[in-house]
Structures are given as C-alpha cells and as structure tokens.
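J.: with the input below, show me the fold.
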Amino acid sequence: MKLLKYITLFAITAFMAVSCSDDVDVRLINSPEQFVAPVISSCSNVIVNANNSEAESVIFTWQPADFGLPLQILYSVYLEKDGESAMLGTSYSTSFSISKGDFNGAVINGLGVAANETVEVKAYVTAQISGTNEYAPISSARSNSFSVVTFMAPLKWYHLCGQFMNWTIAEAPIFWETAGGTNQYTCMVDFSIPDAVGDETHSYFKVTAEQNWSADNWGYNFLTPSWDCPEQADSNLAMPLDEGNIFQVTVNTSVMTIDKKNIGKTLGVIGSFNDWNGDAPLIYNHIESAWLTEPIEMAAGDQIKIRVDGGWTLNWGTSGTMSSVISGGYETAVGGDNVVVAEDGTFIVKLHANRTPFVIELVKQ
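T.: Predicted structure coming up:
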C-alpha cells in the first residue's frame, strides 16, 4: 500500500503551561545525532518449499527507534547478501510478517538467488518519521547471519485491463511471472486507445487478479508507479501516450511497484520472405495476449526477425532454445539469431510477449 501522504506531526512541538506564568516549555524532536536506531532481533533459518510457501510466515521483530518524541514511525525491513539489499516490506509497529512464498520471491528477485539454492543472508530495519522526508532514515545494525533455502515455485499470473481493450474485463490479457517465486511479472502491450476521439494524453489501465471486477485489482492506490500518474477518483494507472504506445510493463508484488519501459510505436516481422525489405506488421491482440501478423507465405529455410519501428536498434531473434511451454516456439533474445522456417507454408507469426523470455511461434495455416 502507499504510505500515508499527509500526517499531522502535532507531536513534534508540544507546549506545557508552567504554573500561572507566561513562560512556556517547548519540547522539540531530538537532533539527528541523538536519534536512537531500532535494534533487530535474532533471525532463524528459513526453509521454503511447496508445502509451506503459503501456509507459513517469516516474522521479524525489533526494539523501537527513538526520535525524542512519541511520533508515528515507519519501519522498512530489508535482507542483505554480499552488499546487495532487497526490501521485504514496511510496518508501523515493531514487527513485520511475510509469507514464506513472498519471502522466497524477494530473495530470488531482489538478491539474485537461484531457486533450490541455500544462501546466507542478514536482515536489518530502518526507521523514519512518518509523513516527512526532512530526516534521513536511521538503520539498525545487521542481524545475525541466517540461511535461506529457496524453491522453484509454479508460475503465477495477473491480467491487465484498460482503455487499450475498452475495459472489457472478461477479455483482459494475461501476463506471467518472470520465473516461479520471483513475484515479478512482465509483458509488452500496445496501449493505443481504439477509436480514440480527440487528443488523449494518457491511456488508463489497472492490474487485475482475475478476468472479473469482483476479484482483486490494483491501481496507483496499491501499486506505486515509477512515473507520474495523474490522479483519478478510481485510481487508474496512466500510461503517457506522448512517449509512444508500446510499453513493457513490470509489476513487482514483493514491494508493490509497477515500472514501464518505452518500446516504440510499431512492431514488425522482416526476413528473407520479403528480401529483408519492409516489415509485416505485428498487431497486438488482447484476447490472445499476443502480437500477430496477417498470414505470410514462406519457404523452408527462410529466416525472420522481429524489430521495432522498422529499424535495428531493438530487435529479437532466437536464443537457440526451444520453448518448453509453447510447442514449437522459439525463446527469444534481444539481437538474437534469425529464426529459420522449417517448412514451406503459410504462417501467422505470433509473438508471446507476456512471458519471460518472449517466445516467437510460427502458426501454420
């Protein structure tokens, strides 16, 4: 959740009347060098597996920080490994609980640990006065070193719903976790508004758990965007169309953030089927959660690539690995090798840009 935007710091200055005189005793916050940092408690080893990832939690506790007055304090809990840190979450109390599944995702995604690996980590907690950025957070010492055993969780997914597909929630495209247990999800979508009237500056959307509005859905009230979103009463996220229309979106549910990457304005397929001259357009199809061309005649041995805006600055070819989830699909790599057509025929080229890595599929007609 977003932090409270406005908190009245009435406790920073308190006044006490002294007898019947006009003198006033003014109590002020301590100077920063007198702040007392929180003290984190010892941490136990953590083992995450399929049986306990949702049913069990990891709990962190600490002694409170002291700023000199009884203020509301925002605590942030971090893991650390080899100088790298990953935030687990925040709390306004002196404890924090996180499911083992989400903890597993933070270790894998935030610290770059592989699944099914045992690592040594430490924890620490920072404290800051809630409602103001005037003072830098103060940090506890690192905890004892403790081991974490990660596991390969099954892939999870979410959906996008917005103006780009006329808010038809039952057709909201799916996008997948980058890897099991990472709590990070990514996809590449055309946010153009169909049948746009006027000069729309933003394309509005939300992230949804299911293809219905009765399930959880998140806008900027729960997901913190890395870009400025004009606020709306229904808290829709806003994609700035002056930057383009094709964006790669990444959601991190460990820390509840959403990021965007501007890709460009068009995607196309080019290859020996057209003498590497001109692009066959790839059009985003939200129902299939994929990008598709019109049927293209190709011969065995033809080679193709996918590129952005008719140039070679950003393009995708094959990584040399066949997809394990899309039969006959080629896992892609940025700037990878040409995809070689296996047989004569008419094909629709399909780019699955809602999973990691992207997958190119040639669907024979």
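J.: residue contacts, residue 46?
T.: By C-beta atoms under 8 Å, 6 or more residues apart in numbering, the contact set of residue 46 is 58, 100, 103, 146, 147, 148, 149. Heads up, the C-betas are built off the backbone N, CA and C, glycines and all.
J.: residue 219 reaches residue 233, doesn't it?
T.: No. Look at residue 219 against residue 233 with C-beta atoms under 8 Å: they stay out of range, at 10.4 Å.
J.: between the two, which is the more surrounded one?
T.: Neighbours per residue (other C-beta atoms under 10 Å) separate residue 219 from residue 233, with residue 219 holding more: 20 against 5.
J.: so where's this protein shaky on pLDDT?
T.: Applying pLDDT under 70 to the chain flags the ranges 1-27, 197-198.
J.: could you chop it up by domain?
T.: Split into domains by automatic domain parsing, the chain comes to 14-149, 157-264, 267-364.
J.: isn't residue 256 right up against residue 220?
T.: No. Counting by C-beta under 8 Å, residue 256 stays clear of residue 220, with 10.5 Å between them.
J.: distance across stretch 228-239, terminal residue to terminal residue?
T.: Stretch 228-239 has an end-to-end distance of 9 Å (criterion: C-alpha to C-alpha, to the nearest Å).
J.: any idea how far that stretch is from the middle of the chain?
T.: 17 Å (C-alpha atoms, centre = their mean, to the nearest Å).
J.: got the buried residues for that stretch?
T.: For stretch 228-239, the neighbour count (16 or more other C-beta atoms under 10 Å) marks 229, 235, 236, 237, 238, 239 as buried.
J.: in helices only, show me those.
T.: Counting by DSSP state H, none of the members of the buried residues of stretch 228-239 fall within helices.
J.: of all the residues you listed, which two lie farthest apart?
T.: Across those, the longest distance by C-beta to C-beta is 14.4 Å; it joins 235 and 239.
J.: quick revisit: would you turn the buried residues of stretch 228-239 into CSV with distance to residue 129?
T.: Shown next, in CSV, are those (distance: C-beta to C-beta, whole Å):
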residue, distance to residue 129
229, 26
235, 26
236, 31
237, 29
238, 30
239, 34
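J.: filter those down to the ones in strands?
T.: Among these, DSSP state E puts 237, 238, 239 in strands.
J.: who's in contact with residue 230?
T.: With contact taken as C-beta under 8 Å, 6+ apart, residue 230 is in contact with 202, 238.
J.: ok, the one 5 residues further on next?
T.: By C-beta under 8 Å, 6+ apart, the residues touching residue 235 are 219, 220, 221.
J.: right, and residue 65 touches residue 135 too?
T.: No. Residue 65 is beyond contact range of residue 135, at 11.0 Å (criterion: C-beta under 8 Å).
J.: those two: which is more packed in?
T.: Neighbour tally, residue 65 and residue 135, criterion other C-beta under 10 Å: the higher count belongs to residue 65, 23 against 13.
J.: the closest residue to the more buried one other than its chain neighbours bridge partners, please.
T.: In space, and not counting its chain neighbours, residue 65 is closest to residue 127: 3.6 Å by C-beta to C-beta, 6 or more residues apart in numbering. Note on residue 127: beta-bridge partners by DSSP bridges are residue 75, residue 138.
J.: and residue 127, how many neighbours?
T.: If we define neighbours as other C-beta under 10 Å, then residue 127 has 24 of them.
J.: which residues does it contact?
T.: Counting by C-beta under 8 Å, 6+ apart, residue 127 touches 37, 38, 64, 65, 73, 74, 75, 137, 138, 139, 140.
J.: is it true that the first one touches residue 138?
T.: Yes. With contacts counted by C-beta under 8 Å, residue 37 reaches residue 138, the gap being 4.6 Å.
J.: what do the two both touch?
T.: By C-beta under 8 Å, 6+ apart, the residues touching both residue 37 and residue 138 are 65, 127.
J.: for the host helix or strand of residue 270, packing partners?
T.: Here residue 270 is covered by strand 267-271, with elements defined by DSSP states H and E. In this structure, strand 267-271 packs against strand 280-285, strand 303-308, with contacts taken as 3 or more C-beta pairs under 8 Å, 6 or more residues apart in numbering; DSSP states H and E.
J.: most neighbours per residue, which of those strands?
T.: strand 303-308 (a mean of 22; mean count of other C-beta atoms under 10 Å).
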